[in-house]
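# can you look at this prediction? I've put the sequence above it.
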Amino acid sequence: MPGILFGSSGIPHSAEGGDTVKGIQTMRELGLDAMELSFTHGVHLGPASARDVRRTSEETGIKLSIHGPYYINLFAKEPEKVEASKQRIWKSLEVGEIAGCDYVCFHPAYYMKAEPKTVHAQVRDILAELQGKLHDQKMRIRLAPETTGRVTQFGSLAETLELAYELKELLPVFDFCHLHARENGKFKRKEDVERVFDEVEATTPWLLKDFRMQVSGVSYTVKGERAHTALADSDFPWKWLMECLKEFGVNGVAICESPQLEFDAMKMRDYYKGLP
């Protein structure tokens with residue numbers, strides 16, 4: 001995968017009310033290369049539709065992924081909620097496998113006032129269990145825990161890298177606006193963005209060969225992320241990110257999650273491709 005491929009989350013605005021298949025076709029028409037299926041409020045794709053999605057993806061060359069449901073907390077106090085979270089991830093994986101998606105990303109857990117190391121251990125063990133099921137059923141789709149944007153959520157950069165080091169078949173998703181918001185405006189200098197890639201290179205260098213990320217603008221408070229915004233409406237320094245991707249020789253996929261979807265994705269693509 002040479003360089004960075006760009007896409008957006010959900011059906012693009014330009015598809016004018018179309019379904020997922022139309023969305024994939026529209027991405028190709030726009031010169032984009034990836035699309036994230038949004039299951040944030042539940043899995044809404046049946047097996048027959050998933051097969052249509054896979055066929056369209058193969059015909060167009062659009063790389064697919066899934067954003068799993070928001071209602072996931074692998075450290076919930078109630079065992080039944082943990083089990084329900086595992087089932088939501090698994091259902092997303094099953095549908096994603098049929099649809100030909102690369103991974104299912106999700107926000108793993110909340111701290112629930114527990115020690116972060118305790119949360120980490122439980123999340124790691126559950127993800128190892130789910131990876132075992134993927135192996136047993138010979139499924140190629142991958143689990144993709146995402147860096148999270150609020151201080152109450154498990155999923156800092158360090159926590160995500162530690163998971164990826166321990167479970168090397170994970171394909172973590174680095175949400176840069178979450179990283180920015182989680183630390184109340186983390187990226188104040190280009191060196192702050194570079195430091196993320198330095199840390200990945202030092203701990204999990206293989207990820208830079210197939211680096212998965214989400215990008216958008218973001219509004220935030222001292223508690224972290226408030227909402228995703230258009231790139232133009234945020235202080236998130238997306239151009240520095242594009243420059244670092246070039247300078248570090250990163251290969252991967254960038255999914256735009258701003259309200260402007262494909263339009264901001266094309267803005268990033270064009271800036272990235274114009275870099276020396």
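Cool, got the structure. Numbering: from 1, shown residues only.
# all strands of this protein, in order?
With strands called from DSSP state E, the chain shows them at 4-9, 34-38, 63-67, 103-106, 109-110, 142-145, 153-154, 173-175, 211-215, 217-221, 224-229, 252-256.
# redo these as TSV? Include mean neighbour count, mean pLDDT and distance to residue 119.
Every C-beta, even on glycine, is put in place using the N, C-alpha and C of the backbone. Formatted as TSV, those follow (neighbours: other C-beta atoms under 10 Å; pLDDT from 0 to 100; distance: least, C-beta to C-beta, whole Å):
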stretch	mean neighbour count	mean pLDDT	distance to residue 119
strand 4-9	24	98	26
strand 34-38	25	98	26
strand 63-67	24	98	21
strand 103-106	28	98	15
strand 109-110	22	99	6
strand 142-145	24	99	12
strand 153-154	23	98	5
strand 173-175	25	99	18
strand 211-215	24	99	22
strand 217-221	20	98	22
strand 224-229	19	98	16
strand 252-256	25	99	26
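# I'd like the ones you listed as TSV, with distance to residue 274 appended.
Shown next, in TSV, are these (distance: least, C-beta to C-beta, whole Å):
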stretch	distance to residue 274
strand 4-9	13
strand 34-38	19
strand 63-67	22
strand 103-106	28
strand 109-110	39
strand 142-145	29
strand 153-154	35
strand 173-175	23
strand 211-215	17
strand 217-221	20
strand 224-229	24
strand 252-256	15
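# for residue 188, which of those is the nearest?
The closest of the strands of the chain to residue 188 is strand 217-221. By C-beta to C-beta, the value is 13.3 Å.
# output the below-cut-off pLDDT ranges for the protein.
Counting by pLDDT under 70, the chain shows low-confidence ranges at 1.
# which stretches of it form helices?
Ranges of helices in the chain, per DSSP state H, are 20-29, 47-60, 79-99, 116-136, 157-166, 176-182, 190-203, 238-247, 262-273.
# in the second one, what counts as buried?
Just to be clear, that refers to helix 47-60. Buried residues in helix 47-60, defined by neighbour count with 16 or more other C-beta atoms under 10 Å: 49, 50, 52, 53, 54, 56, 57, 60.
# one more: the first one?
Of the residues in helix 20-29, 20, 21, 22, 23, 24, 25, 26, 27, 28 count as buried by neighbour count, 16+ other C-beta under 10 Å.
# tell me how far that helix lies from the chain's centre.
Distance of helix 20-29 from its chain centroid, counting by C-alpha atoms, centre = their mean, to the nearest Å, is 20 Å.
# helices and strands around it, which ones?
If contacts are counted by 3 or more C-beta pairs under 8 Å, 6 or more residues apart in numbering; DSSP states H and E, helix 20-29 sits against strand 34-38, helix 47-60.
# likewise for the third one?
Helix 79-99 makes packing contacts with helix 47-60, strand 63-67, strand 103-106, helix 116-136 when contacts are defined by 3+ C-beta pairs under 8 Å, 6+ apart.
# no further questions, thank you.
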